[in-house]
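# Would you be able to build a 3D model of this:
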Amino acid sequence: MTSPLVAIEEHWMLPELAAALEGRDDSLTLNRFGDHEQRLTDLADGRIAAMDEQGIDVSVIALTPPGTQALPPDEAVRLSRAANDTAAAAVARRPDRFRALSTLPLSAPGAAADELRRAADLGHVGTMVYGHAGRLTLDDPAYDDLWATAARLRQPVFLHPQLPSEATRDALYRGFDATTDLALATFGWGWHVDAATAALRLIVRGTFDRHPDLQLILGHWGELLLFWLDRADGLARAAGLPRAVSEYVRSNVYVTASGMLDPAKLRHVLTVTTPDRLLFSTDYPFQHPTRDEITAFLDVFPERDRPLFTTRNAATLFDLDL
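Numbers count the residues shown, from 1 in each chain. Predicted coordinates:
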C-alpha cells in the first residue's frame with residue numbers, strides 16, 4: 001500500500017482579512033498574480049480537485065502571508081479568531097483531506113498564547129508565525145509564554161517568511177522599479193534572509209534551551225540557514241550557548257521543500273540534518289508542481305526514506321491519524 005502524501009504548507013486567505021490588510025503590506029500583490037486569489041479563497045471542491053491532480057492526499061492549510069500581525073492588536077485578535085474558526089470548519093467538512101495551522105495575533109503578544117490554546121482545542125495541529133510584528137522580533141521576551149505554550153501543547157511552529165521592515169527595505173531592497181523592489185524584498189532574497197535571521201535569533205536567545213520540546217519548521221529547505229550552518233556554529237561560543245547552532249537545528253527544526261523540488265537542495269540539506277527532519281509541501285498556490293514532477297522528485301529518495309518525507313514525519317510531528 002502506498003503511503004498517503006501529506007503536504008504541510010498549503011496556503012489560503014480569508015477575504016475579510018485581505019480587505020483589512022489592504023494598504024498595510026505590499027506582499028499582498030503576490031496574491032493577485034494569475035488565479036492565486038481565487039485558489040487562496042477556495043477551501044472546498046476546487047482545492048480538492050487541485051490536490052487530486054497533484055496526487056496529494058492531505059493538505060495542512062495555513063493562511064498566506066502576511067498573517068494578522070500587521071494589524072492593530074484588537075483587529076489582529078478578532079481576525080485571527082475568525083481565520084482559525086474558518087479553517088477549523090473546513091477541516092470539519094473534510095477531515096479526510098484537510099488539517100490546519102492556526103494564525104496568531106503577534107501584534108498582541110499577550111493574546112497570542114491564548115489564541116494558540118483556543119485553536120488547539122479547535123483541532124489545529126500547529127501554528128504559523130512570522131519573524132517580527134512591527135519592532136518586536138520573535139525572540140523578544142514578550143513571546144516567551146507563547147513558546148512555552150507551544151512546547152507544552154506540542155504545537156509545532158512554522159516560521160514563514162514575511163516582508164522585511166520598512167527600514168531594512170529602504171536600506172537594502174529599494175532603488176529599482178516597484179516590481180523589482182518587491183521581488184528583491186520577497187521571494188528573490190529578502191523573505192528568506194528575514195526568516196533565517198528570525199530562526200537564528202530564537203536559537204541564540206536560548207529559546208530551545210528554555211523550551212526543549214519546542215519544534216520549529218522552516219520552509220524553502222531551511223530559508224538559507226542550513227546552507228550557512230558551519231559559519232553560524234561560531235555564534236554558540238559568542239552567545240554562551242551549551243550546544244552548537246547546528247545541533248539545535250538537528251533537534252528542534254524540521255525543514256520543508258515549499259514546492260522547490262530540487263534534488264541538489266535535497267542533497268545539501270541531507271549533509272546537515274537527517275531524513276526524519278524533512279517534510280513535503282508545495283507552497284500552494286504559489287508553486288504548483290504537477291503529479292509527474294512530484295513523482296519524479298520522490299523517486300530521488302532512497303526507498304527507505306521516502307515514506308518519512310511523504311507521510312511519517314508529518315504524522316509524527318502533527319500527531320495525524322491517517
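
# May I see the buried residues of stretch 305-322?
305-315, 317-318, 320 (16 or more other C-beta atoms under 10 Å). Every residue, glycine included, has its C-beta placed from N, CA and C.

# Could you single out the nearest of these to E9?
A314 (10.7 Å; C-beta to C-beta).

# Would you confirm that that closest one contacts V60?
Yes. Here A314 lies in contact with V60, judged by C-beta atoms under 8 Å, at a distance of 7.3 Å.

# and the longest helix for this protein?
helix 73-93 (DSSP state H).

# Please enumerate the helices of the stretch 151-300 of the chain.
Under the criterion DSSP state H, counting those that start in this stretch, the stretch 151-300 of the chain contains helices at 166-172, 178-185, 190-204, 207-210, 220-223, 229-232, 235-239, 245-252, 263-269, 291-298.

# so which of those helices gets nearest G67?
helix 190-204 (12.9 Å).

# Give me the residues contacting the longest helix of the chain.
The contact list for helix 73-93 (C-beta atoms under 8 Å, 6 or more residues apart in numbering) reads 12, 14, 16-17, 20, 43-44, 61, 63, 68-69, 71, 98-100, 102-108, 111, 115, 118-119, 122-124.

# repeat that with 6 Å
Applying C-beta atoms under 6 Å, 6 or more residues apart in numbering, the contact partners of helix 73-93 are 14, 17, 43, 63, 68, 98, 100, 102-105, 107-108, 111, 115, 119, 122-123.

# circling back: any chance you could list residues touching both of A314 and V60?
Joint contacts of A314 and V60 (C-beta under 6 Å, 6+ apart) are I8.

# Just give me the neighbour total for D96.
11 (other C-beta atoms under 10 Å).

# same deal with the one 4 residues further on?
The burial count assigned to A100 is 29, neighbours taken as other C-beta under 10 Å.

# May I have the beta-bridge partners of it?
I61 (DSSP bridges).

# that older thread, I'd like to know which of the contacts of helix 73-93 are buried.
14, 17, 43, 63, 68, 98, 100, 102-105, 107-108, 111, 115, 119, 122.

# Let's see the pLDDT reported for the closest residue to D213 other than its chain neighbours.
Distance criterion C-beta to C-beta, 6 or more residues apart in numbering; nearest residue to D213, sequence neighbours excluded, is A151 at 4.3 Å. For A151, the pLDDT comes out at 98.

# what does M1 give?
pLDDT, M1: 58.

# distance of R243 from V58?
With distances taken as C-beta to C-beta, to the nearest Å, R243 is found 34 Å from V58.

# which residues of the stretch 1-150 of the chain score low on pLDDT?
For the stretch 1-150 of the chain, applying pLDDT under 70 flags the ranges 1.

# on that earlier part again, now find how far off-centre the longest helix of the chain is within its chain.
Distance, stretch centre to chain centre, for helix 73-93: 17 Å (C-alpha atoms, centre = their mean, to the nearest Å).

# Same question for stretch 205-221.
On the basis of C-alpha atoms, centre = their mean, stretch 205-221 sits 13 Å off its chain's mean C-alpha point.

# got the contact list for that stretch?
9, 139, 147-148, 150-151, 156-159, 192, 199, 248, 252-256, 258, 265, 269.

# First-to-last residue distance for it?
End-to-end distance of stretch 205-221 (C-alpha to C-alpha, to the nearest Å): 23 Å.

# What residues sit buried inside it?
So for stretch 205-221, counting by 16+ other C-beta under 10 Å, buried means R205, T207, F208, H211, L214, Q215, L216, I217, L218, G219, H220, W221.

# Backbone dihedrals for the fourth one, both of them.
Put plainly, it is H211. phi -130, psi 70 (degrees, to the nearest 10).

# quick one: it from G188, how far?
For H211 relative to G188 (C-beta to C-beta), the value is 33 Å.

# Please apply the same query to the third one.
Taking C-beta to C-beta as the measure, F208 and G188 are separated by 30 Å.

# Same check on the first one?
Computed with C-beta to C-beta, the distance linking R205 and G188 is 28 Å.

# among the contacts of helix 73-93, which are in helices?
Here DSSP H is the test, and the contacts of helix 73-93 give L17, A111, E115, A119, L122 as lying in helices.
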